[in-house]
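>>> kindly return the folded structure for what I paste below:
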Amino acid sequence: MAKNQHPEWLTPILPQKSQADRVRLRRFSALSALLHTVVLFICLIWTGDRLMQQPARVITVDLGHVEPSRPRLAPAPTPLPKPAPVPLLPRPAVKRPAPAVLPATARPQASLPAQPSATVTPTANATQTVPSAVAPQGVPSVMPARPATGAAPAKSGPAVAAPLPAPTVSGATGGTGRTANSADIRARYLQRCRGLIERYKEYPVMARKGMIEGTVVIRGSLGRDGSLRQCGVTRTSGSHLLDNAALRAVKTVERFPPVPPELLGNELIFELPITFKLSDG
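This is a model prediction of the structure:
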């Protein structure tokens, strides 16, 4: 029991140390509370500034992306200055019947001076029957030439050569008929070629979505065997999608039917319109 008791000189010192510790604890607790409040105040100010700045940045980014996307669609419909190849449309095929008539009328004039003087009168009759024979047919012009040969059989045998100019007149009238027939044959042949192109024609998907319609005029040349030698766009539709689709359809055919023998020349130059309509399906 003597060991557990404190000496008498220690009793006044122990209570003094415990009070000093209490004072220190109070001071440390007050300082820690003050530091915590300062730290919390700084954190609130820092986070409050960030919350005030974030919504303004989001608004500026959205407005910047919306405006420049619309004006890029405007320069698309500007293929108007392309009708320059229009002067490539000469059709000299119509002038071919004119030179064919001239040598037909010149041949009887060259054969007239070779005949004797006794046979001049039947040639005059033959020239009178020429305008009347040109209108209906070339066959009736041969009939009035026969009595002229029978009128002078006693004088000389060469009088039989008088009716020779008559077939030249029928040949002249037949030339105009050939030109008319060749035009019909050409139209029917090009119609067949156009039917083949329509089989391979495909409406572009982007043009259908954009509701784009138009007509493309294709100019090209074909060999006698129907092979495609060259082709190009003579008149554009205003859309490169439709122009390329028309050229693709013509090139896909590659070989067309052989050119009819009535159409002369080493190659056949054609111009065909290809129409794209949304209603065609």
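>>> residue 217 is in contact with residue 233, correct?
Yes: in this structure, residue 233 is within contact of residue 217 by CB atoms under 8 Å, at 7.2 Å. (C-beta placed from N, C-alpha, C; glycine too.)
>>> count of residues packed around residue 267?
14 (other CB atoms under 10 Å).
>>> which ones are touching it?
Applying CB atoms under 8 Å, 6 or more residues apart in numbering, one finds that residue 267 lies in contact with 221, 222, 223, 224, 229.
>>> go with 7 Å
221, 222, 223, 229 (CB atoms under 7 Å, 6 or more residues apart in numbering).
>>> now swap in residue 259 and tell me
Per CB under 7 Å, 6+ apart, neighbours of residue 259: 222, 224, 226, 268.
>>> could you check how many residues crowd around the last one?
Other residues near residue 268 number 21, with proximity taken as other CB under 10 Å.
>>> where's it, which helix or strand?
strand 267-276 (DSSP states H and E).
>>> partner strands of that strand and their direction?
According to DSSP bridges, strand 267-276 forms sheet pairs with strand 214-223 (antiparallel).
>>> averaged pLDDT, the strand it pairs with. What do you get?
Strand 214-223 carries an average pLDDT of 92.
>>> kindly report the same for stretch 252-266.
pLDDT averaged over stretch 252-266 gives 87.
>>> that one: end-to-end distance?
23 Å (CA to CA, to the nearest Å).
>>> of the contacts of residue 259, which is the most crowded?
Compared across the contacts of residue 259, residue 222 has the highest neighbour count, 23 neighbours, by other CB under 10 Å.
>>> does it touch residue 268 like I think?
Yes: using CB atoms under 7 Å, residue 222 makes contact with residue 268 at a distance of 4.7 Å.
>>> save the contacts of residue 259 as a markdown table, and put in distance to residue 277 too.
Shown next, in a markdown table, are the contacts of residue 259 (distance: CB to CB, whole Å):
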| residue | distance to residue 277 |
| --- | --- |
| 222 | 26 |
| 224 | 34 |
| 226 | 28 |
| 268 | 28 |
